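[1] coords please:
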Amino acid sequence: MTSAVKESRIELPSGYMPSSDEPFMNERQKEYFRRKLMAWKEEILRESKTTLSVLQEDMGTQPDLADRASTETDRSLELRARDRQRKLIAKIDSALRRIDEGTYGYCEETGEPIGVARLDARPVATLSIEAQERHERNERVHRDD
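    Next up, the predicted model:
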């Protein structure tokens, strides 16, 4: 039996929210974040299917040039949004792997706990707030060069 199957049997109390008062990344917290990530991924995939069916619908004949241009612009924006979501799914899959490996919730840069509040707000986070801010400052410095 795989660890993912074992861990998915963990019962979470109704309305459970991870807390900094409990041991960091205990089994309940791992299960909470696994479920949160899986639900997010399923929502994105559901939206993608809807988008694909809309994009595949026949546009019909649109004799008006402005209508055609507007439709093409809308489609282009939708495809860009879907590309961002495809990248987000890759981040979600990576976070799920980190849960299985036991490295989820720890900063890639410092190894310190990221914190449950940050993970609850951004479950795919790989850096602590401090490391993220440092990273963004460095990006700004290099962009200004």
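[2] ok, I99 - how many residues close by?
    21 (other Cβ atoms under 10 Å). Glycine gets a C-beta too; all of them are placed from N, C-alpha and C.
[3] and the pLDDT at it?
    Listed pLDDT for I99 reads 97.
[4] helices of the chain, start to end?
    Using DSSP state H, the helices of the chain run over 3-7, 27-56, 65-101, 116-121, 129-144.
[5] what angle do helix 65-101 and the second one make with each other?
    With axes from the mean of the first three to the mean of the last three Cα atoms, to 10 degrees as the basis, helix 27-56 and helix 65-101 are set at 160 degrees to each other.
[6] can you tell me how far the residue of the chain positioned farthest from its centre is from E72?
    Most distant from the centre of the chain: P63, at 40.6 Å, with distances by Cα atoms, centre = their mean. P63 is 15 Å from E72, where distance means Cβ to Cβ, to the nearest Å.
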